[in-house]
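In: No sequence on hand, only this structure:
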């Protein structure tokens, strides 16, 4: 009796060990082909249940490793390509099921994704499947509701039953020509799935759909066979040909960049992608791919100002790639110089200018120069310069900048900021106390006439020669030429003028004093006396 119990116990232990070995031997058989000598049968060549970096694994005779369980806490996971120098070849059954992963990177060494490998990883958003994978197991990604994109690489031959069942965020999947078998319901209940694209023939072993969203369209290359079989009944299948080139290419230049826009080719088909190409220089310059986009616009950045570029766009679908669209040659020229005017103020100058014609391309900004050095930049056509010294001469220039760079500077405009005219009343004295008022002094500065009224006031005068006119009422009495040169004011001899008309007899106008308190500002004080 004791002997029988021992035999039974040994049998149970043997079965518990050999059961996983049977699965492993099956994987080995799949990997090794038909060569029976390559199969591993001795239990001493297996290392079961080892742990490395959050991964439980099984090493098969020092040849390869199977990831059997993920026990780590990371949500963004990179599976190692080798452990202890042994390549990771397989992701085992149920290895990551119910994990809280958000992203997974599978190494190039992996060739097989086992059944239920990522079963109901509901938070998984992205996964990179390498080119070497040939098998995606049954239920492998079932219930991965957050998965928005999956790339099935060339080389995959089998997609298991319900492999992507209820992946509710997938919108499009491309099936490579290498796939020969798709299990039943592989993409069922993917409610957002708009397109399935087949690069080759309909798989030889295709079990059809239990529930594929009726809005899902299936595209295949024109000439491929098998898409008229009963397995595809109830599904809209569309044959695609190689697209024509996009049309209507145009550009909108910016600072170091250009935005391209185009229209879809006439034989659209869908889904369609577009390759955006550019070349620096003309002639035999090398074309370079900038990006691939889904829409009808692209912004190319990092361009050098003043360099000639060519741009082109190709349309791409599963049937092939179009020829290059008509290229746009951007060979911009610099903007012409604007015409600048300046208005002086109290410690400031307001500059204004026109948008130059012949700009080569749109003006992006204007560069303002003060005495030959860059002062500021603006996108407007006016600019207020403040903090200047009254009476000092300043020279300003403006240049326009476009994608070709900074254009020619404008002609220099010179201007002297001046204080505003402030009338100062008082100092009007009548020797007899009769309170006469109304004496005026006018200054012609070459462009306008400025008038002060009262007994003492400040009037504006720029550097140069000017004429002062003294008058009372409507009667003009005398003119006096003055010269303003820096801080010096030469008024000549102080004039004394007879007053006639409305002014009482024997009265005289005396310019009692004249001087300068600020550069280019004349202060004149008048005294009225009677001469009876």
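Out: On my side now, so go ahead. These figures come from a predicted structure and were not determined experimentally.
In: Could you check the pLDDT of the closest residue to residue 241 other than its chain neighbours?
Out: Nearest in space to residue 241, with sequence neighbours left out and distances taken as C-beta to C-beta, 6 or more residues apart in numbering, is residue 222 at 4.9 Å. Every residue, glycine included, has its C-beta placed from N, CA and C. Confidence at residue 222, expressed as pLDDT, is 92.
In: Could you double-check that residue 222 lies in contact with residue 239?
Out: Yes - Residue 222 lies in contact with residue 239 (C-beta atoms under 8 Å); the separation is 4.1 Å.
In: Next up, the contacts around residue 109.
Out: 81, 82, 87, 88, 89, 130, 132 (C-beta atoms under 8 Å, 6 or more residues apart in numbering).
In: can I get the residues you listed in JSON lines with secondary structure, neighbour count and pLDDT?
Out: Converted to JSON lines, the contacts of residue 109 look like this (DSSP: H, G, I helix; E, B strand; the rest coil; neighbours: other C-beta atoms under 10 Å; pLDDT from 0 to 100):
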{"residue": "81", "secondary structure": "coil", "neighbour count": "14", "pLDDT": "95"}
{"residue": "82", "secondary structure": "strand", "neighbour count": "13", "pLDDT": "94"}
{"residue": "87", "secondary structure": "strand", "neighbour count": "16", "pLDDT": "96"}
{"residue": "88", "secondary structure": "strand", "neighbour count": "24", "pLDDT": "97"}
{"residue": "89", "secondary structure": "strand", "neighbour count": "21", "pLDDT": "97"}
{"residue": "130", "secondary structure": "coil", "neighbour count": "16", "pLDDT": "94"}
{"residue": "132", "secondary structure": "coil", "neighbour count": "16", "pLDDT": "94"}
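In: and which of those is nearest to residue 370?
Out: residue 130 (61.7 Å; C-beta to C-beta).
In: Tell me the secondary structure of the nearest residue to that closest one once chain neighbours are set aside, please.
Out: Nearest non-adjacent residue to residue 130, counting by C-beta to C-beta, 6+ apart: residue 108, 4.4 Å away. What DSSP: H, G, I helix; E, B strand; the rest coil gives for residue 108 is coil.
In: What is the neighbour count of the residue nearest to residue 241?
Out: Per other C-beta atoms under 10 Å, the neighbour tally for residue 222 reads 11.
In: begin at 825 from here
Out: Renumbered: residue one is now 825, and that last one reads residue 1046.
In: show me the contacts for it.
Out: 1063, 1064, 1065, 1143.
In: State the mean pLDDT of the strand or helix carrying the first one.
Out: Under the criterion of DSSP states H and E, residue 1063 resides in strand 1060-1064. Averaged over strand 1060-1064, pLDDT sits at 90.
In: And stretch 1186-1198, by the same measure?
Out: The model assigns stretch 1186-1198 a mean pLDDT of 92.
In: Now do the buried residues in that stretch.
Out: 1187, 1188, 1190, 1191, 1192, 1193, 1194 (16 or more other C-beta atoms under 10 Å).
In: again, but for stretch 1051-1062
Out: 1051, 1055, 1056, 1059, 1061.
In: Quick one: end-to-end distance for that stretch.
Out: Stretch 1051-1062 has an end-to-end distance of 9 Å (C-alpha to C-alpha, to the nearest Å).
In: contacting residues around it?
Out: For stretch 1051-1062, the external contacting residues (C-beta under 8 Å, 6+ apart) are 1022, 1026, 1030-1033, 1036, 1038, 1040-1044, 1063, 1093.
In: How about stretch 916-932?
Out: With C-beta under 8 Å, 6+ apart as the test, stretch 916-932 has contacts from 847, 882, 890-894, 899-905, 912, 915, 937-945, 947-957, 961, 970.
In: how does it look with 7 Å?
Out: Contacts with stretch 916-932, where a contact means C-beta atoms under 7 Å, 6 or more residues apart in numbering, come from 890-894, 899-905, 912, 938-945, 947-956.
In: Restricted to helices, list those residues.
Out: Using DSSP state H, no member of those falls within helices.
In: Now that you've got those residues, can you turn the buried subset into something I can paste into PyMOL?
Out: In PyMOL, this line selects whichever of the contacts of stretch 916-932 come out buried by 16+ other C-beta under 10 Å:
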select buried, resi 890+891+892+893+894+901+903+904+912+938+939+940+941+942+943+944+945+948+949+950+951+953+954+956
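In: From the contacts of stretch 916-932, which land in strands?
Out: Mapping the contacts of stretch 916-932 onto strands (DSSP state E) picks out 890, 891, 892, 893, 894, 900, 901, 902, 912, 950, 951, 952.
In: can you list those in TSV and add distance to residue 986?
Out: Shown next, in TSV, are the ones in strands among the contacts of stretch 916-932 (distance: C-beta to C-beta, whole Å):
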residue	distance to residue 986
890	22
891	22
892	22
893	22
894	21
900	26
901	23
902	27
912	25
950	21
951	17
952	22
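In: and of these, the nearest to residue 1006?
Out: Closest to residue 1006 out of the ones in strands among the contacts of stretch 916-932 is residue 951 (18.8 Å), distances taken as C-beta to C-beta.
In: Output the buried residues of stretch 1186-1198 in TSV; the columns should cover distance to residue 1122.
Out: Listed next are the buried residues of stretch 1186-1198 as TSV, based on distance: C-beta to C-beta, whole Å:
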residue	distance to residue 1122
1187	24
1188	20
1190	29
1191	30
1192	34
1193	36
1194	40
